[in-house]
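Asks: Here is my input; please provide its structure:
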Amino acid sequence: GVFDGGQLDKDSAVVKQVAAAASRWGFFQIVGHGVDPKLIRDFDQVTENFFSMGKEEKYKVKRTQDNSRGYFDDELTKQTRDWKEAYDVGCQHGSLEGVSAVDGFNQWPAQPSDFKPVVEEYFSSVTELCRQLMSVLALGLGQEEALFDHQFSSHSSYLRVNHYPPCPSPVDASFPLRSPTDEEGFLAVNRHTDAGHMTVLRQKYGEPNSLQVYMSEDLSRSLSDTDPAPGRWVTISPVEGAFTINIGDMMQVISNDRYKAPLHRVLAHKERHRYSAPFFFNPPYECDCKPVSTAGDPLYDVVNWGEFRRRRFEGDFADQGVEVQIAQYRTPSPVAE
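Replies: Numbers count the residues shown, from 1 in each chain. Got it, this is the predicted structure:
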């Protein structure tokens, strides 16, 4: 839908449309978002230029077990290697210059020379878009528009730029819910939900349609990996000039399952390169996420974001056993008498 960031209330058409999409799919696309098209083009170009450099140059800013920010080409999703290379930059306690015990600090590449200023401007612009979108999501829950405003001064959001090179043995679009073995082929990114509040994804119109969301046939059931509802993978075709938005785990907790954090994955392509850039809007590290009062009896215990984020990164960086999921924080179901 068209999103112009104008005056909003719970009865506004855009609030109803976003709330409906966040409840049914957990995914939607927006145009009229206010991010300058020239800035988006400059951002696309500078990130492609970064990935075109040799490994030796990119490894100068390689992330480590103790620092989640920087370049990497060895990420695991569901303990399975992804077919991609990527670079992360983010806020620590609300600042791109900050340092945190959870995520570390940003490592800016020396080349391309315009990488840092362009990425900083893009980061700032998408952060402002998130401020508007979070207001819409709050109104959709029957809460005040300013519900999340206090989080922006110390948020821990990060921006990831992805390059998906051609893959000699990609699985096809109908591959089932599980992760493939090496003999079966590869996904660019294996199935997962996003951990934070919300993701704003830049994907290019005209590149391979590779993003897939898992659509459940039974909306009342959880989409956990251990007990997935029957469903199918649906490929998302980007609308020209639009951002793709999806709900994250913390927003599902806060909405008490009214908004859904959908399972999604990215297909690899045999011949073509693809680039994307998800911006993950995340709360402050110290934030305790819990269901809002207007969403009924709480289905989740309190989830501390800093702890959840730390555990999720451990699973991304190395095989740390079972990946942390919000299902582990669900309150026990009442026992019938």
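
Asks: going forward, measure contacts and count neighbours with C-alpha atoms only.
Replies: Will do.

Asks: could you pull out the helices for this structure?
Replies: 13-24, 37-51, 55-58, 115-140, 249-254, 305-317 (DSSP state H).

Asks: How about residue 147: what's its closest non-neighbour residue?
Replies: residue 138 (6.2 Å; C-alpha to C-alpha, 6 or more residues apart in numbering).

Asks: For that neighbour, give me its contacts.
Replies: Residue 138 sits next to 144, 145, 146, 147, 148 when contact means C-alpha atoms under 8 Å, 6 or more residues apart in numbering.

Asks: Give the full set of residues in contact with the closest residue in space to the third one that isn't next to it in sequence.
Replies: Read it as residue 146. Among residues not flanking residue 146 along the chain, residue 135 sits closest, at 6.2 Å (C-alpha to C-alpha, 6+ apart). Counting by C-alpha under 8 Å, 6+ apart, residue 135 makes contact with 144, 145, 146, 147, 148.

Asks: hmm, which of these are the buried ones?
Replies: residue 145 (16 or more other C-alpha atoms under 10 Å).

Asks: Of the contacts of residue 135, just say which sits nearest to residue 92.
Replies: For the contacts of residue 135, the residue nearest residue 92 by C-alpha to C-alpha is residue 148; the value is 17.5 Å.

Asks: Any stretches of the stretch 51-200 of the chain with poor pLDDT?
Replies: 76-79 (pLDDT under 70).

Asks: all strands for it, in order.
Replies: Using DSSP state E, counting those that start in this stretch, the strands of the stretch 51-200 of the chain run over 70-72, 76-77, 80-81, 85-90, 158-164, 187-192, 198-203.

Asks: same for the fourth one, what does it pack against?
Replies: So the one you mean is strand 85-90. strand 70-72, strand 158-164 (3 or more C-alpha pairs under 8 Å, 6 or more residues apart in numbering; DSSP states H and E).

Asks: hmm, who's touching it?
Replies: By C-alpha under 8 Å, 6+ apart, the surrounding residues in contact with strand 85-90 are 68-74, 96, 106-107, 156-164.

Asks: Mind listing the strands it pairs with, and their directions?
Replies: Strand 85-90 has its sheet partners listed here by DSSP bridges as strand 70-72 (antiparallel), strand 158-164 (antiparallel).

Asks: Identify whichever of the helices and strands packed on strand 85-90 lies nearest to residue 230.
Replies: Short answer: strand 158-164, nearest of the helices and strands packed on strand 85-90 by C-alpha to C-alpha, at 28.9 Å.

Asks: Around residue 54, count how many other residues there are.
Replies: 9 (other C-alpha atoms under 10 Å).

Asks: Identify the residues contacting residue 244.
Replies: 27, 28, 29, 30, 200, 201, 202, 203, 238.

Asks: Recalculate using a threshold of 6 Å.
Replies: The contact partners of residue 244, by C-alpha atoms under 6 Å, 6 or more residues apart in numbering, come to 28, 29, 200, 201.

Asks: For these, give me a markdown table that also has neighbour count.
Replies: Shown next, in a markdown table, are the contacts of residue 244 (neighbours: other C-alpha atoms under 10 Å):
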| residue | neighbour count |
| --- | --- |
| 28 | 20 |
| 29 | 21 |
| 200 | 24 |
| 201 | 21 |
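
Asks: Nearest to residue 188 among those residues?
Replies: residue 201 (15.7 Å).

Asks: Name the nearest residue to the residue positioned nearest the centre of the chain, sequence neighbours excluded.
Replies: Geometric centre of the chain, nearest residue: residue 199, 3.9 Å, by C-alpha atoms, centre = their mean. Spatial nearest neighbour of residue 199, excluding adjacent residues (C-alpha to C-alpha, 6+ apart): residue 280 at 4.5 Å.

Asks: Hmm, the one you found is touching residue 156, no?
Replies: No: at 8.9 Å, residue 280 does not count as touching residue 156 under the criterion of C-alpha atoms under 6 Å.

Asks: okay, now the closest residue to residue 256 other than its chain neighbours: neighbour count?
Replies: Nearest non-adjacent residue to residue 256, counting by C-alpha to C-alpha, 6+ apart: residue 291, 5.1 Å away. The tally of other residues near residue 291 (other C-alpha under 10 Å) stands at 23.

Asks: Nearest spatial neighbour of residue 289, chain-adjacent residues omitted?
Replies: With sequence-adjacent residues excluded and distances taken as C-alpha to C-alpha, 6+ apart, residue 289 is closest to residue 303, at 5.1 Å.
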